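K.L.:
sequence unknown, structure follows:
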């Protein structure tokens, strides 16, 4: 059996040795103080994250996709991050996908021993149709999940791009193209990696997809101009973005958004360049969806 006792996240945290004797406020302050260290651990990994993001963007521009794969908290965070991309950036559901060790039922109920199933990790890559165009990021706090490593191995055999995100020291293997290490240290409750390690993982996954979507022309400045209007709140947000960025009023902004079938980016081109929805879509297609490039061609820009 593999030993993980030498991993930093498995060590006892001296700041919380007597946490069971603390009052509620002291417990919360102790947790908060430890959580404050996480962004600094993530900061040290930025060059590694940058390299992986550039690989993801290159893959997507060639028609590839990003897959996350992990077990337990790691897998759940991957599924969560992937699920938020379509409504936020109007991206196809298949562009970023999360693979949960043990299947979707493991999102709410732990499947014991699933992360040790290398055969299943190897098989799932073919089942999900991963190709040489795609990127697969394995997520495992300790770096030791057999399920994840088998998936990375199979992806490399296919010719895909691989990355591994860990929160402990771990030596890069031949099956890993890009290594991301965020060393968060001992947890407040020994071995409870849903805490600092989970927080670091969430931050890094947010960084990967957000930076990738920005590079894929999904924003204008820091505005979500490519959001999908799937409910009343987002229709309102879309109309407010159009009003904020142009000299039009709310009612006209909403009318253009309806004409654009909920596409904020299309509606913005319609308002600023005074064209219909079809023409707006053509101009966006010419520049791979880069709103700034479309407007600059006509010497226009948005108010941001």
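P.N.:
Yep, that arrived. Just so it is clear, the model here is predicted, and its values are computed rather than measured.
K.L.:
elements contacting the least confident helix or strand in the chain by mean pLDDT?
P.N.:
One helix or strand of the chain scores below all others by mean pLDDT, DSSP states H and E: helix 85-89, with a mean of 90. Packed against helix 85-89, as judged by 3 or more CB pairs under 8 Å, 6 or more residues apart in numbering; DSSP states H and E, are the following elements: helix 196-215. Using the backbone N, CA and C atoms, a C-beta is placed for each residue, glycine as well.
K.L.:
beyond the helix it packs on, next helix or strand please.
P.N.:
helix 232-245 (DSSP states H and E).
K.L.:
check which residues of that following helix are buried.
P.N.:
Buried residues in helix 232-245, defined by neighbour count with 16 or more other CB atoms under 10 Å: 234, 235, 238, 239, 241, 242, 243, 245.
K.L.:
with stretch 165-175 instead?
P.N.:
Quick answer for stretch 165-175 (16+ other CB under 10 Å): 165, 166, 167, 168, 170, 175.
K.L.:
which of the residues you listed sits closest to residue 87?
P.N.:
Distance to residue 87, by CB to CB, is smallest for residue 165 among these, at 23.8 Å.
K.L.:
show me the domain layout of this protein.
P.N.:
Following automatic domain parsing, one finds the domains of the chain at 8-215, 232-297.
K.L.:
need the distance between the two termini of the first one.
P.N.:
One end of domain 8-215 sits 34 Å from the other (CA to CA, to the nearest Å).
K.L.:
how far off centre is it?
P.N.:
Relative to its parent chain, domain 8-215 has a centroid offset of 9 Å by CA atoms, centre = their mean, to the nearest Å.
K.L.:
what's the answer for stretch 288-297, then?
P.N.:
Remark: stretch 288-297 is offset 25 Å from the chain centroid, using CA atoms, centre = their mean.
K.L.:
list the buried residues in that stretch.
P.N.:
289, 290, 291, 292, 294, 295.
K.L.:
circling back to that earlier point, pull out the buried positions in the least confident helix or strand of the chain.
P.N.:
For helix 85-89, by 16+ other CB under 10 Å, it's 85, 86, 87, 88, 89.
K.L.:
identify the residues contacting residue 116.
P.N.:
145, 146, 147 (CB atoms under 8 Å, 6 or more residues apart in numbering).
K.L.:
cool, residue 33 as well?
P.N.:
residue 15.
K.L.:
ends of stretch 86-102, what's the gap?
P.N.:
Across stretch 86-102, the terminal residues are separated by 24 Å (CA to CA).
K.L.:
any regions of the stretch 51-200 of the chain where pLDDT drops low?
P.N.:
Scanning the stretch 51-200 of the chain with the threshold set as pLDDT under 70 gives 112-113.
K.L.:
quick one, helices of it?
P.N.:
Remark: helices assigned in the stretch 51-200 of the chain by DSSP state H, counting those that start in this stretch are 72-83, 85-89, 118-127, 146-158, 196-215.
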